[in-house]
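K.L.:
Predicted model, plus sequence, below.
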Amino acid sequence: MAESIFAEKKVIPSEEVLSAALRDNRVLWNKTVALSGGSGEWKFYTKAAGWTYQVKQGKRALFYMIPKVGSFRLIFVYGKRAVEAAKSAGLPEQVMKDLQEAKVYAEGRSISVTVNGDTDMYTVQKLLTLKQEY
């Protein structure tokens, strides 16, 4: 099963289908993109991943959004300086633990958070601020 609920390569997700899938959390999807100040586009990386929404600011990728039923996942990739700065950013303990334990790749470490409701937006804002500052 694909990571994204949109797994058919030939069918780019439409606004209507995305809204139906995300339900009430479509508002948070839109808010997340707006907070970034960036713009997004759908990408199909692999059959295992399905369709992913990549949000960029200029040429720089800020994060990736993976739609689920009633929620969505955000993936951020941080370099060494951002990981160091995260230690004093006030992130939730589990998020910080996941970031520190993440495998290190050439492009950095990735952290993933699932957005299920308004309470998750605090963490999203902190992660976005870190990404934009480093």
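P.N.:
Thanks, I have the structure now.

K.L.:
Helices of the protein, residue ranges please.
P.N.:
Using DSSP state H, the helices of the chain run over residues 15-22, 26-36, 80-86, 93-101, 121-133.

K.L.:
surely K68 meets T114?
P.N.:
Yes. The criterion here is Cβ atoms under 8 Å, and K68 meets it with T114 at 7.4 Å. Where you see a C-beta, it was placed from the backbone N, CA and C, and this is true even at glycine.

K.L.:
quick one, which of those two is more surrounded?
P.N.:
K68 (16 against 12; other Cβ atoms under 10 Å).

K.L.:
circling back to that earlier point, I'd like the helices of the chain as CSV, with mean neighbour count, mean pLDDT and distance to G50 appended.
P.N.:
Putting these into CSV (neighbours: other Cβ atoms under 10 Å; pLDDT from 0 to 100; distance: least, Cβ to Cβ, whole Å) gives the following:
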stretch, mean neighbour count, mean pLDDT, distance to G50
helix 15-22, 14, 97, 12
helix 26-36, 16, 97, 16
helix 80-86, 16, 95, 27
helix 93-101, 13, 95, 22
helix 121-133, 17, 96, 21
